[in-house]
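J.: Build me a model from this:
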Amino acid sequence: MRHLSKKVTLDRKTAARRSLLANLAESLIIYEKIKTTKAKAKAVRSLVERLVTKAKPNDLAARRQLMRVLYTNNAIKKTMEVLAPRYLKREGGYTRITLLGNRKGDAGEEAMVEFV
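T.: Numbers count the residues shown, from 1 in each chain. Take a look at the predicted model:
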């Protein structure tokens, strides 16, 4: 039974999972909309929403916390200067997941993650 088991492993080891989620989060921040599988969409949603919430104070400590997860300065800059001010009065729920159906090749459930 999986009582109180919150970690979504995506069938990957820790380093590969962190890299995957960081890349998905960075793509979502830069392009504001990505298409991926349903499981990855659910996993990246919580990460991106935490990052936007951390960026709201718009100070050096917030920037350094974003640097721990995101790779490029473009994503950090956009989170601090565009996304955080956009959602300043919103308490949470910055992203939306829309199910797109099954993929043709392997019938994997696809979903689109976008900012509200």
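J.: make it CA atoms for all contacts and neighbour counts henceforth
T.: Fine.
J.: how about the nearest residue to residue 83, chain neighbours excluded?
T.: Closest residue in space to residue 83, ignoring its immediate chain neighbours: residue 52 at 6.8 Å, by C-alpha to C-alpha, 6 or more residues apart in numbering.
J.: Now do the contacts for that neighbour.
T.: Counting by C-alpha atoms under 8 Å, 6 or more residues apart in numbering, residue 52 touches 79-80, 83-84.
J.: so how far is the helix or strand hosting it from its chain's centroid?
T.: Assessed by DSSP states H and E, residue 52 sits inside helix 38-55. Its chain's C-alpha centre and that of helix 38-55 lie 3 Å apart, by C-alpha atoms, centre = their mean, to the nearest Å.
J.: List the buried residues in that helix.
T.: For helix 38-55, burial by neighbour count (16 or more other C-alpha atoms under 10 Å) applies to 38, 40-45, 48-49, 51-55.
J.: With respect to residue 69, which of those residues is nearest?
T.: In terms of C-alpha to C-alpha, no member of those lies closer to residue 69 than residue 51, at 8.6 Å.
J.: ok, the nearest residue to the closest one once chain neighbours are set aside to residue 97 distance?
T.: Among residues not flanking residue 51 along the chain, residue 66 sits closest, at 6.5 Å (C-alpha to C-alpha, 6+ apart). Using C-alpha to C-alpha, to the nearest Å, we find residue 66 at a distance of 23 Å from residue 97.
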